[in-house]
Each structure stands twice: as C-alpha cells, then as structure tokens.
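In: Got a sequence here, can you model it:
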Amino acid sequence: MRFNSTHDAVVVTDGPEKVGRVAGVHGERIHVLDGLPPRGPGFTAEYQAQADRYDLPVEPVDLPEVARRDEIAPGPHGDVPVRVYTPAELAAPDADGRRAAVVWIHGGAFIFGDLDMPEADHTAARLAHATGLPVISVDYRLAVDGVTHPVPHDDCYAAYQWVRAGGHGLPTDPERVAVGGGSAGACLAASVGLHGRDAGEKPAGVFLAYPLVHYPMPAPSAELTAVLETLPPLLWSGRETAIAQNDYLIGQLLGPEMTGVEHFDYAMPGNAEDLTGYPRTYIENCEADDLRASGERFAAQLEEAGVDVEQHTVPGETHGHLSVPGLPTAKATCAHFAAFITDVVR
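Out: Prediction:
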C-alpha cells in the first residue's frame with residue numbers, strides 16, 4: 001500500500017500478503033529446524049549444519065551476469081571498500097550524459113556480513129541487471145573490536161557521497177541516487193536517508209528489506225505474535241529472548257553505555273523526532289519476522305510525517321530471505337526494489 005501520493009503503488013501483488021504461517025520454500029523446509037535450540041554458547045557445529053539446510057540454494061539460482069569491480073571510497077575513519085556492479089546493458093544517460101546510481105548496504109546484525117554474502121552480492125547483481133544502473137555495495141566497518149556508532153553510519157554516508165560525486169567512474173546525477181539495505185543494512189540505509197535530508201543532499205529514494213530502525217525494539221502486535229508462535233525455537237523463542245538478543249546487538253553498535261550517543265537518530269532512524277521531508281521510501285517486511293514490528297512502525301511514522309511511502313509484506317516468509325540464493329521470494333523482492341528504483345530515478 002502506498003501513502004501520501006496521488007499515484008498508484010509501484011508494486012501490485014497477487015493474493016494476500018499475510019497467511020499466518022511460514023509458506024513457500026521455507027514452509028516446505030521448516031521441519032529441518034525441529035529439535036534445534038535457540039542460538040547460544042551450546043549451539044554446536046552439528047546444530048549449525050542442520051540449520052544450514054533451511055537456507056540452501058534454490059535452483060535455478062539464475063544470477064544475472066554483471067561486471068564486478070572492487071574500489072575504495074574515502075571516509076572520515078579511513079578508506080571504505082565498495083564493490084561496483086555494472087550491468088551488461090546500461091540504461092541510457094540523460095541529456096547531460098549522466099545516469100542514476102544505486103547504493104546497497106548488506107545486513108548482518110551490525111556484527112557480521114561482507115560483500116560476498118548473497119544478500120550483498122546477489123541482490124546488487126540483480127538490481128544492476130534489472131535497472132540498467134550501476135549498483136555500489138558498501139563494505140562498512142562492523143560493530144566489533146571496539147568499533148561503534150557513528151563509524152558504520154559514517155562509512156555508508158561517505159560511500160553515498162562518493163557515488164553522488166561519480167567516484168564509481170560513471171557521470172552521475174547526484175539527485176538520482178537511491179539507497180537501500182537489508183536488516184541492519186536497512187537501518188544504515190535509512191540513516192543515510194535521514195542524514196541526506198539534514199545535509200540537503202537526500203537520496204532520490206530509500207528502499208528497505210526487513211528493517212530494524214528502532215530502539216527499544218517495538219513490541220509485536222497480537223497478529224504478529226500469533227505468527228511468531230508458530231515458529232520453531234531457533235527462529236523465535238519468545239519476547240524476552242528477542243529483547244535480550246536485540247539489546248546485545250544494539251550494545252555492540254552503540255557501545256556498552258548505550259547513552260550519550262551523538263546523533264542517536266543516525267544510529268536508529270526510527271527514533272528521529274521529525275521525519276518531515278524524508279525521501280520517498282519503499283519497505284518490504286517478512287511476515288514471520290519479529291522485526292516486522294519495526295518496519296511497520298517506521299512506515300506509519302513516515303506516513304504521519306507526510307512522506308510518500310509504500311509498504312508490503314512478503315507472505316509466509318522469515319527474516320533474511322535475500323540471503324538464500326535463488327529463493328523465489330528473494331527474486332521477487334529484488335524485482336520490486338528494481339521497480340521502485342526505476343520509478344524514483346526516472
């Protein structure tokens with residue numbers, strides 16, 4: 001559904017967006033998680049091998065062929081590695097010889113992930129192929145070994161500025177750069193959107209997959225809770241455990257004190273006091289995912305602020321589906337993102 005626009009939604013899906021259970025490929029595989037405990041110190045290699053079967057590639061993966069090139073964007077905390085994805089057929093430039101561009105930011109709970117993970121590599125490749133635009137994937141510093149906010153945010157914003165300036169090698173219209181991300185990367189992408197608004201260089205659009213953009217983590221609705229309670233313990237072991245896990249991850253991002261953080265809204269953009277003037281936004285949540293509460297709240301906040309925002313739910317899907325090579329729902333989400341990008345940069 002799209003809000004605050006006289007235009008129709010960019011994405012129109014068939015059937016309901018909420019089915020009340022895990023469905024599709026993951027619904028067929030959910031039994032492989034039976035008997036597995038929540039992750040923790042006692043989560044053995046044997047447990048992990050069993051869990052990995054849930055996210056095995058789905059053939060045919062059909063990953064499009066695009067050129068990949070590793071580059072460096074300068075940043076305030078040192079160089080930021082990025083990977084530039086160039087499609088075989090570039091979209092036509094504008095009258096000034098410039099093109100739009102896309103920045104993509106992978107997830108990983110702020111503490112893991114890299115440019116080679118499928119959520120980074122496969123998503124960037126699919127977006128480049130589908131839009132005809134260069135896509136720049138950001139290898140920001142993770143919140144480990146003493147790295148805390150604002151370093152990951154600063155890395156992503158520096159990469160965004162580098163792309164706006166055409167650092168990736170193609171003449172670029174800085175007003176037509178879209179920014180997106182998944183999970184923790186969605187939080188960072190949303191923060192780039194907020195920082196860009198504040199600095200007078202906002203993205204053409206922001207697109208988010210299963211974002212967590214609030215602290216504390218919003219409580220799930222009764223409807224979402226009912227879906228979560230159908231999941232095995234590995235995927236959902238109760239609200240208290242979810243809060244404890246989230247507190248640990250946000251503590252990694254903000255530091256042990258978790259107070260006095262400068263520009264807390266750039267760490268958790270859903271906590272911003274005012275979202276007026278935020279870039280046009282597209283959000284795609286997963287139905288059987290406790291982070292859906294944050295994605296839905298952010299969409300409601302943007303709607304209240306008068307922002308053009310469109311929100312959809314991937315029916316029957318669990319968190320992180322963009323990390324599964326060839327998963328039909330992941331391919332569909334990439335196609336939806338490409339449609340949004342094409343619409344905001346035309």
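In: Helix, strand or coil: sort out residue 179 for me.
Out: strand (DSSP: H, G, I helix; E, B strand; the rest coil).
In: Beta-bridge partners for it, please?
Out: Taking DSSP bridges as the rule, residue 179 bridges to residue 103, residue 206.
In: Please give me every residue in contact with it.
Out: If you count contacts by CB atoms under 8 Å, 6 or more residues apart in numbering, residue 179 has them with 102-103, 105, 160, 189, 192-193, 196, 203, 205-207. Every residue, glycine included, has its C-beta placed from N, CA and C.
In: Next, format those as TSV and append distance to residue 340.
Out: Formatted as TSV, the contacts of residue 179 follow (distance: CB to CB, whole Å):
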residue	distance to residue 340
102	11
103	14
105	16
160	17
189	13
192	16
193	13
196	17
203	12
205	6
206	10
207	5
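In: now, among those residues, which is nearest to residue 311?
Out: Proximity to residue 311 was ranked across the contacts of residue 179 by CB to CB; first place goes to residue 207, at 11.2 Å.
In: Roughly how far does the residue positioned nearest the centre of the chain sit from residue 49?
Out: Centroid-nearest residue in the chain: residue 182, 1.6 Å away (criterion: CA atoms, centre = their mean). Residue 182 sits at a distance of 24 Å from residue 49 (criterion: CB to CB, to the nearest Å).
In: Just give me the neighbour total for the closest residue to residue 316 other than its chain neighbours.
Out: Of all residues not flanking residue 316 in the chain, residue 23 sits nearest, at 2.6 Å (CB to CB, 6 or more residues apart in numbering). Neighbourhood size, residue 23 [other CB atoms under 10 Å]: 17.
In: Return the residues in contact with residue 23.
Out: Going by CB under 8 Å, 6+ apart, residue 23 touches 315-317.
In: do the same with residue 338
Out: By CB under 8 Å, 6+ apart, the residues touching residue 338 are 126-127, 130-131.
In: ok, now residue 9?
Out: Residues in contact with residue 9 (CB under 8 Å, 6+ apart) are 1-2, 310.
In: Can you name the helix or strand that residue 7 falls in?
Out: Assessed by DSSP states H and E, residue 7 sits outside every helix and strand.
In: Return the distance of it relative to residue 211.
Out: Applying CB to CB to residue 7 and residue 211 gives a distance of 23 Å.
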